[in-house]
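1. When you get a sec, could you give me coordinates for this:
(one chain, ligands or ions: 1)
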Amino acid sequence: MNNRDQTRPSSHEAGASLSLAPDRTPAWADLTRHAERKRSLSIQDCFDCDPTRAERYTLDCEQLIADFSKHLIDDQISQSLLDLAREMQLAAEIKAMFSGATVNPSEGRAALHTALRGQSEDGFDPDLLKAIQGQLNQVHQISDAVRDGTWLGVNGKPIRDVINLGIGGSDLGPKMATTALREFAHPDIKCHFVANVDGAEIESLLKQLDPDTTLVILASKSFTTRETLLNAETVIRWFSAHLNCDNPQASAHFIGITEQPEKAIAYGLDPERVLELWDWVGGRFSLWSPVGLAVVISIGFEAFRDLLNGARAMDNHYRSAPFEHNIPVQMALLGIWYSNFLGAETHAIVPYCERLHHLPGYLQQLEMESNGKSVNRHGEPVDYKTGTIVWGETGTNGQHSFFQLLHQGTHLVPVDFIGFREDRLSNARQHRTLLANMLAQGAALLSGFEDKTGASYRQQPGNRPSTTLLLPRLTPFYLGMLVALYEHKVHAQGIIWGINSFDQWGVQLGKLIADQLLTEGCEALTLDASTTALFRRLFG
Ligand code: F6P
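-> So this is what the prediction gives:
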């Protein structure tokens, strides 16, 4: 046995990776050595040496195709990345998450969002699945009643507009999915999403709506989030003024979704219209829970079931496919390669489908709130980079704004292109053009351009990496797969970095200072001189 084998961990117990540091594994040392040849790594050379590369580096799952061939990796690098996943006990940690172990140690919680789309053969606790089914039945009944016009407002009128009030995970998922699945939307019911405490948003929306036919979903896991509660107060005032009733929040115009039902009830909501969240559903993983109610109202329960089924298909792939064929694991490893070894600072997401324009924002919360951490799961500081700065825009729009930097700038920015083979809302000519543009960008990033006249400003260096994800159509099923793919990519990276992907303590301080400024002003606080001066300029 060589030295390398002796240092490879052998235990695959759940939680075993807690005691590991990725930068002390043999694989990390191998990858550091591979990175020394980064200047000579050529994607084109890899294609030239291996006519089967495009095929060998393409993976599939239920007709979702992931082409990883346009990356700055060869078989050796790929092998070392797989070694890293194994040395960090990723397999055991995937099992631990699905089994309901306490994978969020700082909050003492499991992360069981996968159970929300689970079925009896998936090994989840049957009592848990029964409880989830009960909750799905509630969501089903409410959404059917709203959709078929039997959910009536106080003046006996059916619902025509739904406002989802929530922020972060209580907004981004349902907003992204409702927008993405417009093709399947109820023709007469519109869903609106208001998150920001910027009152101009809610005030402008209310001017367009009829209170008699408006339903409000008040979504807040904690039921303490200032933005959501302030927007709710504005809406309550609007209902009170127009419907001439004192406690509109107790009426059929309001549904609450929260982990804190007692707070929602104290706020005046009818207990019958409060749907409960479990503590093991993280906000940014809550699309599959009652937080998805606006989506269900929009597309109907059967289509929502398809969304869950798509996510479940990706769950099963993540838990069972060998890592070399495992799409989320490969995406996680590539991200680590670029960020920790090749110096990439950011990662671009470019869906070639306008209906996915909220996807980059959704993924920002998923990736950056989950993995923006600088201590490991023991609470010890890490001295390697974690987290991915995710940004993006739909194609072709992005081509006319930031793609210049991708092609000729000085930053290494790996790109995820996302495209759909068919789009029934488009027409053949435009859809072909859209997809041709997506392929052209990946090809141009890879091949670059050598201008024969020697004009340096025309040269494009190429050798710039991208993943292409191809899906058959933007249906609920494939959207579910896509979102779960990124969820699992984030999980796999968190495990390899040794961090807790399921907490978000870093968001607390800013909230606390804002609250103190509002309640006590700046005199009582020991704030920096800049903030104090700005406060005085604004508030006197
Ligand atoms: O500010 C961060 C955060 O706690 C997110 O994690 C969460 O999704 C969002 O705020 C909204 O929280 P809540 O659903 O409790 O209102």
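
2. Contacts only, for Asp60.
-> Applying C-beta atoms under 8 Å, 6 or more residues apart in numbering, one finds that Asp60 lies in contact with Ala66. To be clear about C-beta, it is placed using only N, CA and C from the backbone, and glycine gets the same treatment.

3. Next, give phi and psi for it.
-> phi -140, psi 160 (degrees, to the nearest 10).

4. Which strand residues bridge it?
-> Judged by DSSP bridges, the bridge partners of Asp60 are Ile65.

5. where's it relative to Phe68, distance?
-> 11 Å (C-beta to C-beta, to the nearest Å).

6. likewise Gly395?
-> 19 Å.

7. Let me see the contact set for whatever residue of the stretch 401-540 of the chain ends up closest to the ligand.
-> Nearest residue of the stretch 401-540 of the chain to the ligand: Val507, at 3.9 Å (C-beta to the nearest ligand atom). By C-beta under 8 Å, 6+ apart, the contact set of Val507 is Glu369.

8. Close to the ligand: what parts of the stretch 101-250 of the chain are there?
-> Within the stretch 101-250 of the chain, the positions lying close to the ligand (C-beta under 6 Å from any ligand atom) are Gly166, Ile167, Gly168, Gly169, Ser170, Ser220, Lys221, Ser222, Thr225, Thr228.

9. Using a markdown table, lay out those together with neighbour count.
-> Listed next are those as a markdown table, based on neighbours: other C-beta atoms under 10 Å:
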| residue | neighbour count |
| --- | --- |
| Gly166 | 30 |
| Ile167 | 20 |
| Gly168 | 21 |
| Gly169 | 25 |
| Ser170 | 29 |
| Ser220 | 29 |
| Lys221 | 23 |
| Ser222 | 13 |
| Thr225 | 22 |
| Thr228 | 25 |
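
10. taking the residues you listed one by one, which sit in helices?
-> If you go by DSSP state H, those have Thr228 in helices.

11. Low-confidence ranges, the stretch 401-540 of the chain, go.
-> Within the stretch 401-540 of the chain, no range satisfies pLDDT under 70.

12. what do you get if the cut-off is 80, keeping everything else the same?
-> 524-525 (pLDDT under 80).

13. check contacts around the nearest residue to Leu172 once chain neighbours are set aside.
-> Distances taken as C-beta to C-beta, 6 or more residues apart in numbering put Tyr362 closest to Leu172, at 4.6 Å, once the chain neighbours are dropped. Applying C-beta under 8 Å, 6+ apart to Tyr362 gives the contacts Leu172, Gly173, Lys175, Met176, Val483.

14. what does Gly108 give?
-> Thr102.

15. Leaving out chain neighbours, which residue sits closest to Phe184?
-> In space, Phe184 is closest to Ile299, 4.3 Å off (C-beta to C-beta, 6+ apart).

16. How about Lys190?
-> Asp161 (5.2 Å).

17. count of residues packed around that neighbour?
-> 18 (other C-beta atoms under 10 Å).

18. do the same with Thr410
-> Other residues lying near Thr410 total 6 when counted by other C-beta under 10 Å.

19. so where does the residue of the chain positioned farthest from its centre fall, helix or strand?
-> Computed with C-alpha atoms, centre = their mean, the residue of the chain farthest from its C-alpha average is Thr453, at 45.2 Å. Secondary structure from DSSP states H and E places Thr453 outside every helix and strand.

20. measure it to Gln459 for me?
-> Taking C-beta to C-beta, one finds Thr453 at 10 Å from Gln459.

21. Likewise for Leu527?
-> For Leu527, the distance to Gln459 - C-beta to C-beta - is 50 Å.

22. what about these two, which has more around it?
-> Per other C-beta under 10 Å, whichever of Leu527 and Gln459 has more neighbours is Leu527, with 16 against 13.

23. I'd say that one and Leu512 touch.
-> No: with contact defined as C-beta atoms under 8 Å, Leu527 and Leu512 do not form a contacting pair (12.0 Å).

24. so what's the residue nearest to Lys190 bridging to?
-> Beta-bridge partners, per DSSP bridges, of Asp161: Lys190, Thr214.

25. residue contacts, Leu435?
-> Contacts of Leu435 by C-beta under 8 Å, 6+ apart are Tyr352, Gly419, Arg421.

26. got a winner among those for most neighbours?
-> Counting by other C-beta under 10 Å, top hit in the contacts of Leu435: Tyr352 with 25 neighbours.

27. can you map out the strands along the protein?
-> Remark: strands assigned in the chain by DSSP state E are 58-61, 64-67, 161-165, 190-194, 214-219, 254-258, 274-276, 346-351, 389-392, 415-420, 466-471.

28. and the shortest one with the ligand, contact?
-> No: where contact is defined by C-beta under 6 Å from any ligand atom, no part of strand 274-276 touches the ligand; the two come within 13.0 Å at best.

29. Is there a neighbour count for the residue nearest to Asp423 when sequence neighbours are not counted? I'd like the number.
-> Nearest residue to Asp423 in three dimensions, chain neighbours excluded: His431, at 5.0 Å (C-beta to C-beta, 6+ apart). Other residues within reach of His431, judged by other C-beta under 10 Å, total 19.

30. now do Asp210
-> Count around Asp210 with other C-beta under 10 Å applied: 11.

31. so what's the closest residue to the ligand within the stretch 251-400 of the chain up against?
-> Residue nearest to the ligand within the stretch 251-400 of the chain: Gly283 (2.7 Å; C-beta to the nearest ligand atom). Contacts were defined as C-beta under 8 Å, 6+ apart; by that measure Gly283 touches Gly168, Gly169, Ser170, Lys221.

32. what does Ile255 give?
-> Ile255 is in contact with Ile142, Leu215, Val216, Ile217, Leu218, Leu269, Arg273, Val274, Leu275, Leu293, counting by C-beta under 8 Å, 6+ apart.

33. Skipping its backbone neighbours, what lies nearest the fifth one in space?
-> Spelled out, it's Leu218. Gly256 (4.9 Å).
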